[in-house]
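> This is a predicted model, with the sequence first.
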Amino acid sequence: MTVTDFDADETIQPLRRPGRARGYSFGDKLLMGTGVMLAAGAAFFPWYVFLNPEKFSVPTLWKGTTRNLPEMAGKQVVSVSPAAMVDEDKDPAPASLDPVATATTSSLGAEKKLGVPVETGLNQPLPVSSGFRLMHVANGRALIEDARGMYIVRVGSILPDNSRLATLEQREGAWVIVTSNGEVIKRN
């Protein structure tokens with residue numbers, strides 16, 4: 001007959017601390033009660049605020065369309081909103097003022113037209129178009145250069161001479177740009 005660990009003569013109970021009862025201690029119960037109370041308060045408070053808005057609303061700074069301003073010289077302001085609040089001691093806003101904000105502006109502070117009238121300004125010659133040259137073509141795009149710099153363009157792009165790039169073609173083994181003006185610019 002073989003003896004194993006399960007064949008002990010006496011049963012031994014697990015170790016427990018003396019004087020400790022099964023269940024939760026007073027501190028554990030207090031901590032759980034505090035957590036439940038905080039959760040209930042967090043659920044109830046938003047409803048309390050919702051049902052009592054007068055206790056939690058932001059106080060108004062003033063009522064009406066006027067307010068008392070300190071007695072001092074006013075600043076020279078050209079553009080003032082017609083719906084702006086004015087000093088009580090001054091004249092109130094006119095009765096004809098529309099209280100609805102719109103995108104209209106008054107003519108107060110409008111600039112005077114200076115210089116040559118537009119009709120006669122159309123006879124002015126346009127600047128001379130600057131020439132450009134084709135540097136490289138790859139993946140449906142062309143690299144061009146003029147006096148101001150280099151640009152990457154594709155079909156439909158505006159070129160420095162104010163024409164559009166009509167096509168990129170290979171003619172006689174070399175790439176060319178055909179513009180909307182009909183000009184053909186070869187790669188150098």
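Looks like it arrived, so ask away.
> Output the longest helix belonging to the chain.
Counting by DSSP state H, the longest helix found in the chain is helix 26-51.
> low-scoring pLDDT stretches of this protein, where are they?
1, 3, 5-9, 17-22, 59-70, 73-130, 188 (pLDDT under 70).
> can you give me the helices in it?
Secondary structure of the chain by DSSP H: the helices cover 26-51, 53-56, 118-121.
> Of those, which stretch is the most buried?
The highest mean neighbour count among the helices of the chain, using mean count of other CB atoms under 10 Å, belongs to helix 26-51: a mean of 10. For every residue, glycine as well, the C-beta is placed using N, CA and C.
> mind giving me the domain split of this protein?
Per the record, the chain has its domains at 25-58, 133-186, by automatic domain parsing.
> and I12, which of those is closest to it?
Among the domains of the chain, the nearest to I12 by CB to CB is domain 25-58 (26.4 Å).
> Contact partners for L143?
Residues near L143 by CB atoms under 8 Å, 6 or more residues apart in numbering: L134, M135, H136, V137, M150, Y151, I152.
> same thing but 10 Å
Residues in contact with L143 (CB atoms under 10 Å, 6 or more residues apart in numbering) are R133, L134, M135, H136, V137, M150, Y151, I152, V153, R187.
> As CSV, these with distance to I144 would be great.
Converted to CSV, these look like this (distance: CB to CB, whole Å):
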residue, distance to I144
R133, 7
L134, 6
M135, 6
H136, 9
V137, 10
M150, 7
Y151, 5
I152, 8
V153, 6
R187, 10
